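Student: this one's structure only:
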Ligand code: GAL
């Protein structure tokens, strides 16, 4: 099960030379050489990471692997020591969703020294050569879908406005934050320039709007203070939120401020991850939108990649140039996200089997 590093080096250069559709193993599993895969997830507090962990385990076990799954409690040092301990336990490959994308350099050197391949899961690990592949969604597209929703619902393309908007971003130590923000701002900036959209708080730079560890209560506090300082005499019409946990915090602040009544309707509030609480909130007419990412597919891609690497097959990638982690361009497989609101949640989430109708009651 070891000695993959040489294979990987060869595979990586071959991947670079091959077209995006040069595939290998596909969904085929090969359990003949199965070993143990270590999986490090960031936190149990968000439902999505529980789904990710469970789905990766199911997929790997179906391919004959043993698995060791750990959750880092949103603490970067804890996650690094969990990974060190997985390495000591002799895992054959690692699938890691980093908490702080720059805090794993030392421990990933230990993984490389032990010839353990590393798949960066959902969040790109930065600043090290010791990350072999990246699996995620098209993260700029996530931001574009959120912005597009706001643009359509406010009728900005028809020249309507001015409207007020507040902007929230994710954790500053998560590489995805930048992609979500850039995707959204690419579409929103022309309307900020034309003053059809006005950020009443004045907070538009990424460093002014991040939310450490994607924490809902932190977002709630910031929204409360923005409402107090900048909205005493007018309403907020839209809130760009990058993630459902942040949307829930924002909605709590809005409701405490009297929004959600006939005279003071809730603003448009976006989100991401189609978490159960948020989908229920969408059905109730509170949160407006979320971005659905089928985590079952993401898990399947990661498990298939690990299986391919461990069986000397070239993993499938569909992006060989976009994801530079500061030290190398990491070959990536990206899935497509979808926008979900009250009008299509049944078709996408229920018919698609992500939730049952009973889950959403
Ligand atoms: C991001 C991820 C989002 C969301 C967020 C908070 O890295 O891409 O989907 O889950 O973390 O957990």
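Tutor: Perfect, I can see it now. Every value quoted in this text rests on a predicted model; they were computed, and no experiment measured them.
Student: Identify the residues contacting the longest helix anywhere in the chain?
Tutor: The residue-count maximum for a helix in the chain (DSSP state H) belongs to helix 175-193. If you take Cβ atoms under 8 Å, 6 or more residues apart in numbering as the criterion, helix 175-193 is touched by 101, 122-124, 126, 136, 139-144, 146-148, 150-151, 156, 161, 165, 167, 169-171, 197-199, 204, 206, 209-210, 240, 242, 272, 325. Using the backbone N, CA and C atoms, a C-beta is placed for each residue, glycine as well.
Student: Residues of the stretch 101-250 of the chain that sit close to the ligand?
Tutor: 122-123, 170, 174, 176, 214, 243 (Cβ under 6 Å from any ligand atom).
Student: Considering the residues you listed, which possesses the most neighbours?
Tutor: residue 243 (32 neighbours; other Cβ atoms under 10 Å).
Student: Please look at that residue and residue 272 and confirm they touch.
Tutor: Yes. Residue 243 is within contact range of residue 272, at 4.8 Å (criterion: Cβ atoms under 8 Å).
Student: Report how many residues lie close to the closest residue to residue 197 other than its chain neighbours.
Tutor: Excluding the flanking residues, the one nearest residue 197 by Cβ to Cβ, 6 or more residues apart in numbering is residue 191, at 4.2 Å. Neighbourhood size, residue 191 [other Cβ under 10 Å]: 21.
Student: What separation do you get for residue 191 and residue 82?
Tutor: 44 Å (Cβ to Cβ, to the nearest Å).
Student: what about the protein, any weak spots by pLDDT?
Tutor: 1-33 (pLDDT under 70).
Student: Now do the helices in it.
Tutor: Under DSSP H, the chain gives helices at 4-17, 47-62, 76-88, 105-113, 139-154, 175-193, 206-209, 216-230, 244-256, 276-283, 295-310, 345.
Student: I'd like those helices as CSV, with distance to residue 319 appended.
Tutor: Below are the helices of the chain laid out as CSV (distance: least, Cβ to Cβ, whole Å):
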stretch, distance to residue 319
helix 4-17, 11
helix 47-62, 20
helix 76-88, 25
helix 105-113, 21
helix 139-154, 11
helix 175-193, 12
helix 206-209, 23
helix 216-230, 30
helix 244-256, 26
helix 276-283, 28
helix 295-310, 12
helix 345, 29
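Student: And the residue of the stretch 51-200 of the chain closest to the ligand?
Tutor: For the stretch 51-200 of the chain, the residue closest to the ligand is residue 176, as judged by Cβ to the nearest ligand atom, at 4.0 Å.
Student: what are the bridge partners for residue 137, then?
Tutor: residue 335 (DSSP bridges).
Student: Wait, it touches residue 292, no?
Tutor: No. The pair residue 137 / residue 292 is not scored as a contact, 9.9 Å apart, by Cβ under 8 Å.
Student: any common contacting residues for these two?
Tutor: Joint contacts of residue 137 and residue 292 (Cβ under 8 Å, 6+ apart) are residue 337.
Student: follow-up on the earlier one: taking their axis directions, the longest helix of the chain and helix 139-154 sit at what angle?
Tutor: Angle, helix 175-193 to helix 139-154, by axes from the mean of the first three to the mean of the last three Cα atoms, to 10 degrees: 30 degrees.
Student: So for helix 175-193, what gets flagged as buried?
Tutor: The neighbour-count check on helix 175-193 (16 or more other Cβ atoms under 10 Å) flags 175-181, 183-185, 187-188, 191 as buried.
Student: which one of those residues is nearest residue 220?
Tutor: residue 177 (18.4 Å; Cβ to Cβ).
Student: How about the closest one, nearest residue that isn't a chain neighbour?
Tutor: residue 170 (3.9 Å).
Student: what's that neighbour sitting at in phi/psi?
Tutor: phi -80, psi -160 (degrees, to the nearest 10).
Student: Kindly report the same for the one 4 residues further on.
Tutor: When read as degrees, to the nearest 10, the backbone of residue 174 gives phi -110, psi 120.
Student: Report how many residues lie close to residue 85.
Tutor: 14.
Student: er, residue 224 I mean
Tutor: By other Cβ under 10 Å, 17 other residues sit near residue 224.
Student: For the nearest residue to it once chain neighbours are set aside, which residues are in contact?
Tutor: Distance criterion Cβ to Cβ, 6+ apart; nearest residue to residue 224, sequence neighbours excluded, is residue 253 at 4.4 Å. Contacts for residue 253 (Cβ under 8 Å, 6+ apart) come out as 219-221, 223-224, 227.
Student: Would you mind measuring from the nearest residue to residue 350 once chain neighbours are set aside to residue 279?
Tutor: Computed as Cβ to Cβ, 6+ apart, the closest residue to residue 350 that is not its neighbour in sequence is residue 357, at 5.6 Å. According to Cβ to Cβ, residue 357 and residue 279 sit 12 Å apart.
Student: contacting residues for the closest residue to residue 81 other than its chain neighbours?
Tutor: Excluding the flanking residues, the one nearest residue 81 by Cβ to Cβ, 6+ apart is residue 107, at 7.9 Å. Each residue near residue 107 by Cβ under 8 Å, 6+ apart is listed here: 80-81, 83-84, 87.
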